[in-house]
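Colleague: sequence plus the predicted model coming up.
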Amino acid sequence: MLSLLFASLLLTSPIHGTHLPDSEIIKSSCATTLYPDICYSTLSTTKNLTTNKDVIQLAINKTKAIIQENFNSIKKLTATAKLTKRGTMALNDCLAMVAGTLEDLDMVIRDLKAYPSKKSLKQHADDLKTLLSTAITNKEACLDGLSYDAACQRLRKSIIRGQDLGGKMCSNVLAMITNMTDTDMANKAESNVRKLKEKKLMMWPEWLSKRDRKLLLFWRKKGPDVIVSKDGKGNYTKVAAAVEAAPVKSNRRYVIKIAAGVYHENVEIPKNKTNLMFIGDSRDNTIITGNRSVGGGYTTFLSATVG
């Protein structure tokens with residue numbers, strides 16, 4: 001329901017530009033993590049590391065390799081174990097979440113290569129932290145889905161070691177990225193003009209891009225791509241139907257306007273439906289509500305109203 005950043009700033013930063021011996025720069029980077037022993041043992045044999053960014057890139061690749069092993073193990077388990085209905089659902093949830101984590105890590109790798117040239121330091125930092133936080137949440141949700149009964153708990157025991165290691169490695173990468181980006185932002189003095197502009201934009205969430213702000217301001221003039229309306233006056237009467245008809249891997253924002261009303265449905269947004277934007281008639285007038293629950297036989301992952 002992951003990658004990072006650098007350029008000329010690396011050459012001037014007293015932390016990232018310092019050329020320390022490989023073992024020292026690894027120890028320095030791992031010291032900022034919650035699991036330094038795992039961090040150091042995973043990276044210690046690597047040579048030719050010159051900056052903290054190098055260490056982070058290596059840590060991401062090592063993390064991705066472990067999570068790919070977890071995916072393969074879970075997939076093998078679905079084919080070889082005698083599974084209950086709930087166990088099958090929970091393992092399939094885990095496969096979807098682990099696959100999502102691998103995609104998020106790929107995004108982190110791409111964003112790290114662009115850092116800090118394509119976005120502001122804060123935007124880079126927020127995007128990277130969000131992707132890695134999602135990866136950690138995926139691990140917890142996967143294991144939670146295998147906690148409901150004895151059969152699921154047996155499956156949980158067979159994958160928990162790999163899931164736990166992958167989660168800790170993601171946590172370590174998150175800590176190193178946080179340390180790097182916080183240091184870079186502290187070293188970068190913002191001009192008074194920039195500060196004034198940012199204050200004027202405080203009405204918007206900080207994570208919302210300028211492009212999306214413009215979309216929210218001017219979408220009425222352009223009009224949404226499709227309209228969902230319970231009275232049949234739009235393109236669809238169900239939100240899920242509009243999502244299903246949306247383009248796959250769109251490279252632009254696809255705006256779905258949801259008219260006032262209460263929509264009794266669970267909306268599942270596939271990973272390949274990118275760049276979707278939902279606009280309602282206010283949080284009080286446009287309401288989406290579902291009735292799935294763990295008690296009703298669903299896993300936590302599948303019980304989400306919109307996800």
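Modeller: Received it, and whenever you're ready, just let me know what you need. Residues are numbered from 1 along each chain as shown.

Colleague: list phi and psi for the residue nearest the centre of the chain.
Modeller: With distances taken as C-alpha atoms, centre = their mean, Leu131 lies nearest the centre of the chain, 3.1 Å away. Here is the backbone geometry of Leu131 (degrees, to the nearest 10): phi -60, psi -40.

Colleague: Leu105 versus that one, what's the distance?
Modeller: For Leu131, the distance to Leu105 equals 8 Å [C-beta to C-beta, to the nearest Å]. C-beta here means a position set from N, CA and C on the backbone, and glycine is covered the same way.

Colleague: any idea how far Ala304 is from Thr50?
Modeller: As judged by C-beta to C-beta, Ala304 and Thr50 stand 43 Å apart.

Colleague: next one: Asn72
Modeller: Distance from Asn72 to Thr50, by C-beta to C-beta: 33 Å.

Colleague: more neighbours: those two, which one.
Modeller: With neighbours defined as other C-beta atoms under 10 Å, Asn72 and Thr50 compare such that Thr50 has more, 15 against 12.

Colleague: confirm that the more buried one sits in a strand.
Modeller: No: using DSSP: H, G, I helix; E, B strand; the rest coil, the secondary structure at Thr50 is coil, not a strand.

Colleague: and it, how far from Glu24?
Modeller: 11 Å.

Colleague: mind checking the SS state of Ala175?
Modeller: State at Ala175, reduced to three classes by three-state DSSP: helix.

Colleague: hang on, Met277 in a strand?
Modeller: Yes: checked against three-state DSSP, Met277 lies within a strand.

Colleague: hang on, it packs against Lys257?
Modeller: No: with contacts counted by C-beta atoms under 8 Å, Met277 stays clear of Lys257, the gap being 9.5 Å.

Colleague: more crowded one of the two?
Modeller: Using other C-beta under 10 Å as the criterion, Met277 and Lys257 rank with Lys257 on top: 22 against 15.

Colleague: now for that one: which residues touch it?
Modeller: Shown in contact with Lys257 (C-beta atoms under 8 Å, 6 or more residues apart in numbering): Trp219, Pro224, Val226, Ile227, Val228, Gly234, Ile279, Gly280.

Colleague: what's the answer for Val55, then?
Modeller: By C-beta under 8 Å, 6+ apart, the contact list for Val55 reads Ile25, Ile26, Ser29, Cys30, Leu43, Leu49, Met176.

Colleague: find the nearest non-adjacent residue to it, please.
Modeller: Using C-beta to C-beta, 6 or more residues apart in numbering and skipping the chain neighbours, the partner closest in space to Val55 is Ser29 (4.1 Å).

Colleague: return the distance of whichever strand or helix holds that neighbour from the chain's centre.
Modeller: Per DSSP states H and E, Ser29 falls inside helix 22-30. Distance, stretch centre to chain centre, for helix 22-30: 27 Å (C-alpha atoms, centre = their mean, to the nearest Å).

Colleague: stretch 43-55 too?
Modeller: Stretch 43-55 sits 25 Å away from the centroid of its parent chain (C-alpha atoms, centre = their mean).

Colleague: can you give me the buried ones in it?
Modeller: Burial within stretch 43-55, assessed by neighbour count using 16 or more other C-beta atoms under 10 Å, is assigned to Leu43, Leu49, Thr51, Asn52, Lys53, Asp54, Val55.

Colleague: any buried residues in the helix or strand hosting the fifth one, and which?
Modeller: Per DSSP H and E, Lys53 falls inside helix 52-80. By neighbour count with 16+ other C-beta under 10 Å, helix 52-80 contains the buried residues 52-60, 62-64, 66-68, 70-71, 73-75, 77.

Colleague: and the helix or strand harbouring Lys113 with helix 52-80, angle?
Modeller: Using DSSP H and E, Lys113 maps to helix 85-114. Orientation of helix 85-114 against helix 52-80 (axes from the mean of the first three to the mean of the last three C-alpha atoms, to 10 degrees) gives an angle of 160 degrees.
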